[in-house]
Each structure stands twice: as structure tokens, then as C-alpha cells.
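1. Give me a 3D structure for the following:
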Amino acid sequence: MTSQEIERGNRMTRTEIGLGNKLIREFMNPDCYKMPRAKPYNSSWDLLMLVVEKIEATQDDYHGYFAVIISSNGCVIQGTKLRTDPENYHPAYFNQVYGETKLKATYAAVLQFLEWYNSH
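-> Sure thing, here's the model as predicted:
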């Protein structure tokens, strides 16, 4: 990821954050009763970790479960089911995001995952 992409992820507008939070609430349904609307997910580990836990509990036959790995200023979300074909020996889904902080990187990775997940 380039420094421009990192900077772009760190400068999300209020509209983008609002749309991101809406995407998260839709994914969390029917658990959304636990999710307050007033506080954005990009500013609270308590809220964001509920979403991370739900992502990690999500599975399908092709991807297996999804692992969320948070470290330093980055976040990786990947499918846990590896392909056995030597030419394609990698997880079926892999996404890596870097940001100014762990929270910003994790929030951006979650949004990218949810956009991808909803499109499949």
C-alpha cells in the first residue's frame, strides 16, 4: 500500500464514515441492538471489536473462517482455508491495510472486507 493510500484511508470524510458505520450496522444485524448509532465505529475499540469478532465467526465452504490480525499500524483479514493446488497455495481471501493507527487500519480493513463480502 502506498503512502497516498494510507493518507487517503486516514482522511475519511464524515460522509464516508457514516456510510461505513451503516455498512457495519447492516452486517451486525440482528446483533445491531448491541450497537449504538451515536458513536462511530472508527473511534471506539469496544464497538469495532464486536465487528471483528463477528467477522472471525463468519465462515463459508470456500473461504473457511476469516482471521483478523491486528499489529503495529496494520490489519490483515484473510480466509483460513488454504487452497491445496501448489500454483494457488494461498488463502482464498486476503486483504492487508495500513493506517496511521491500529484503530484506523482495522476500521479501513473491516470496511473493505464488508464491501467485498457483500459483493459475493
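2. hey, let's count contacts and neighbours off CA atoms from now on
-> OK.
3. Can you name the residues that contact residue 42?
-> Neighbour list for residue 42: 17, 48, 103, 104, 107 [criterion: CA atoms under 8 Å, 6 or more residues apart in numbering].
4. Which of those fall in helices?
-> Assigned to helices by DSSP state H, the following of the contacts of residue 42 qualify: 17, 48, 103, 104, 107.
5. ok, these vs residue 78, which is closest?
-> residue 107 (15.0 Å; CA to CA).
6. For residue 109, see how far away residue 116 is.
-> Between residue 116 and residue 109 the computed distance is 11 Å (CA to CA, to the nearest Å).
7. should've said residue 103
-> Using CA to CA, residue 103 is found at 10 Å from residue 109.
8. So which of those two has more stuff around it?
-> Using other CA atoms under 10 Å, the more surrounded residue of residue 103 and residue 109 is residue 109, with 24 against 21.
9. Find the nearest non-adjacent residue to that one, please.
-> residue 97 (5.6 Å; CA to CA, 6 or more residues apart in numbering).
10. got the buried residues for the helix or strand where the one you found lies?
-> For residue 97, the host element (DSSP states H and E) is strand 94-98. Residues of strand 94-98 classed as buried: 96, 97, 98 (neighbour count, 16 or more other CA atoms under 10 Å).
11. Stretch 48-66 now?
-> 48, 50, 51, 52, 55, 56, 63, 64, 65, 66.
12. Now the third one: which helix or strand?
-> In this structure, residue 51 is located in helix 45-57 according to DSSP H and E.
13. same for that helix, what does it pack against?
-> Contacts defined by 3 or more CA pairs under 8 Å, 6 or more residues apart in numbering; DSSP states H and E place helix 45-57 against helix 14-28, strand 64-71, helix 102-119.
14. What mean pLDDT does the next helix or strand after that helix get?
-> Beyond helix 45-57 on the C-terminal side, the first helix or strand identified by DSSP H and E is strand 59-60. Mean per-residue pLDDT for strand 59-60: 86.
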